[in-house]
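**Q** The sequence and its predicted three-dimensional model are supplied below.
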Amino acid sequence: MEIKEYIKENENRFFEELFSLIRIPSVSSHSDKKAELMQCAEQWKKLLLEAGVDKAEILPTKGNPVVFASKTTDPKLPTVMVYGHYDVMPAEPLELWDSPPFEPEIRDGKVYARGADDDKGQSFLQAKAFEYLVKTNQLKCNVKFILEGEEEIGSPSLEDFCKKNKKLLACDTILVSDTSMLAADKPSITTGLRGLAYWEIEVTSANRDLHSGIFGGAVANPINELAKILAQLTDNEGKITIPHFYDDVEKISKKERDLIRQIPFDEKEYMENLNINYLYGEKGYSTIERTGIRPTLDVCGIWGGYTGEGSKTVLPSKAYAKLSARLVPNQKYEKIAKLVEKHLVKIAPKHIGIKVSRLHGAESYVCPIDSAEYIAAEKAYEKAFAKKPLPVRRGGSIGVVPVFEKVLGVKPILMGFGLESNAIHSPNENFSIELYEKGMETIVEFYREYCK
């Protein structure tokens, strides 16, 4: 039985199982969702056992638990480890969803729900490809699964878990389906990820909220002062102004920049999809370069004062912002984090107090395109999509990917099937049913090519 036939025969069951995962609001950034995170881990354990692993267990970490499962075909054969995460981003703002975020709905050939793509959907297609190979006696290697519950908060517990369980996690290659392709008809393999640094900034003025008439003009407004600080971090040409921020940025050769220019990219379509009239970023670089090989610094949230209905004439005591940097090869998270923190304190005026808290971070990652694993992935995409995939560096970060390289000594292969239009981390996240199926086909072909 071929994989397409297997998918068709089991289509209803596949949806039921996927939806059983999606319906669990396993939001790792919400401290009150610990029970839901454990529930999701339990459901993954159940589904992996039903898919054909020899054993599956839920293992503790300093934070949320890890689901680990394994199938041993022959100890002498290579071992593939599949990584995924069962936690999801918060669904807010809920009013912008066209259907409830944790009640999956099929519309226009897509599944709409939080986690439909990132990463329950993509992890699920890995599990179903494995199931097919097991049930049809075609699995010619050993397979391990590791599913974590903290990816969306930077995987703070996973490095320690990997160090303590190196023998358990020993493998020859690692498959990660948590990335995207250029388009549904333009397959691509992610060959690089940017690193990440993330902070929360707190600015304080008076010891309480003040009447804006009585105290306005005499006491600093924390929101005004925070806005001034943030405005100083980039210039009018999109360049980050923090001294020494670019010191370690990888120098991209003319040859690689020429290859980047060959990547199909429709700027007009890109803008229409986002409903914008202009693109903006660091001067001297294309959109693909800005989102793949250049670092960034962005305010991800800002709040303070009165935001309810009507008016309230008040000078707030405090104002806050969330700040993130995307880092490129050679930029080290710890070094950049200290650099930014020092600079923020330095430029803060004396008439306010400032506190900068480091929340999480990750290193960048680059995958070689001449390894046996990459070549097997390349052939797998070509068979499933009838097109050779392009190697593309992407702008996102997956904290555990460089950890796997550092601790386990294995270079992961990033075989993602999402699209930029899938709205991950946003309202109305979705995933194409066609790409669920294409993804399963591709993973099956990878095992066939890799195990030759």
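**A** Thanks, I have the structure now. Residues are numbered from 1 along each chain as shown.
**Q** Between the two ends of stretch 427-439, how far is it?
**A** Terminal residues of stretch 427-439 lie 23 Å apart, using Cα to Cα, to the nearest Å.
**Q** Now do the buried residues in that stretch.
**A** 427-433, 435-439 (16 or more other Cβ atoms under 10 Å). Where C-beta positions appear, they are placed from N, C-alpha and C, glycine not excepted.
**Q** Give me the residues contacting it.
**A** For stretch 427-439, contacts defined as Cβ atoms under 8 Å, 6 or more residues apart in numbering pick out 4, 7, 91, 93-94, 96-98, 101, 106, 109-118, 121-122, 124-125, 129, 177, 184, 384-385, 417-419, 421-423.
**Q** Other residues contacting stretch 149-166?
**A** 26-29, 37, 40-41, 59, 61-66, 85-89, 119, 148, 169, 178, 196, 198, 359-362, 398-400, 403-404, 406-408.
**Q** mind listing which of the contacts of stretch 427-439 are in strands?
**A** 106, 110-112 (DSSP state E).
**Q** So among the residues you listed, which ones count as buried?
**A** Buried among the ones in strands among the contacts of stretch 427-439 (16+ other Cβ under 10 Å): 110-112.
**Q** Just name the closest of the residues you listed to residue 272, please.
**A** Among those, residue 110 lies closest to residue 272 (Cβ to Cβ), at 18.9 Å.
**Q** beta partners for the nearest residue to that closest one once chain neighbours are set aside?
**A** Nearest residue to residue 110 in three dimensions, chain neighbours excluded: residue 430, at 4.4 Å (Cβ to Cβ, 6 or more residues apart in numbering). Here residue 430 sits in beta bridges with residue 112, going by DSSP bridges.
**Q** Can you classify residue 319 as helix, strand or coil?
**A** With DSSP: H, G, I helix; E, B strand; the rest coil as the basis, residue 319 sits in strand.
**Q** pretty sure it is in contact with residue 206, am I right?
**A** No - under the criterion of Cβ atoms under 8 Å, residue 319 makes no contact with residue 206, lying 11.9 Å away.
**Q** Need the residues touching each of those two.
**A** Here residue 319 and residue 206 share no contacting residue, scored by Cβ under 8 Å, 6+ apart.
**Q** Please identify which of the two sits among more neighbours.
**A** Using other Cβ atoms under 10 Å as the criterion, residue 319 and residue 206 rank with residue 319 on top: 23 against 16.
**Q** per-residue pLDDT, the closest residue in space to that one that isn't next to it in sequence?
**A** Leaving aside its chain neighbours, residue 319 sits nearest to residue 304 (3.3 Å; criterion: Cβ to Cβ, 6+ apart). Here the pLDDT value assigned to residue 304 is 97.
**Q** and residue 304, what does it touch?
**A** Counting by Cβ under 8 Å, 6+ apart, residue 304 touches 203, 222-223, 226, 316, 318-320.
**Q** Closest one of these to residue 373?
**A** residue 320 (43.5 Å).
**Q** Report the contact partners of the closest one.
**A** Taking Cβ under 8 Å, 6+ apart, one finds 200-203, 226, 301-304 in contact with residue 320.
**Q** Check residue 211 too.
**A** 313-315.
**Q** Restricted to buried residues, select those in ChimeraX.
**A** A single ChimeraX command selects the buried members of the contacts of residue 211 (16+ other Cβ under 10 Å):
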select :314,315
